[in-house]
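# Below is the sequence, then the predicted model.
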Amino acid sequence: MNDQEYDDHIPEHPELIPGNRAEAHLCVSAAVIVGVRICDTHTFLKAWWAIAWLYPGFHPDDYRQSEDVPYSKEFTEEAFRRAEIGEIKDDVLYAAEAAHHAVWLKPIGSPHAS
C-alpha cells in the first residue's frame, strides 16, 4: 500500500484513537478495571479502539483465532452486543481507522510512534 494514501486523511473519530502505546494500554485497563460489560460507552470505545491500535492485525470477526490479543473475546462479544442493541454504530464497531493510524500514520499528538 502506498503510504501517501493517508497523507491528507482526516480521521472521523480522532477522539477514539490513542496517541501512543501508553495511552492505549491505559484505555484498555480503564475498561477492564471497571468491567468491560458495565463501563460507559465512551470508556468502552476508547478501549476497543486502543486494542485495534495496539494489534492492527486483529479483526473482530476472527477473534477466536487471536489468542495473542488480550481480552479479545470479552471485548469482541461486548462490542457486538452493544452494536446489536444500538448503543454503538457500525462506524465505530470496526475500528479500522485506529489500526490504520497505528500502521501508516504517526499517532495523533505525538511526533513519534511509541
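Right, received. Where do you want to start?
# Which helix or strand contains the nearest residue to Lys89 once chain neighbours are set aside?
Nearest residue to Lys89 in three dimensions, chain neighbours excluded: Ala83, at 7.4 Å (Cβ to Cβ, 6 or more residues apart in numbering). Quick note: C-beta positions are derived from backbone N, CA and C, even for glycine. Using DSSP states H and E, Ala83 falls within helix 72-84.
# residues making contact with whichever helix or strand comes after that helix?
Using DSSP H and E, the helix or strand that follows helix 72-84 in sequence is helix 90-93. With contacts defined as Cβ atoms under 8 Å, 6 or more residues apart in numbering, helix 90-93 is touched by 12-13, 16, 45, 48-49, 60, 79-80, 83.
# got any ranges where this protein has weak pLDDT?
Along the chain, segments meeting pLDDT under 70 span 1-7, 9, 63-67, 105-114.
# For the nearest residue to Arg82 once chain neighbours are set aside, which residues are in contact?
Of all residues not flanking Arg82 in the chain, Ile88 sits nearest, at 4.7 Å (Cβ to Cβ, 6+ apart). Counting by Cβ under 8 Å, 6+ apart, Ile88 makes contact with 41, 44-45, 79, 82.
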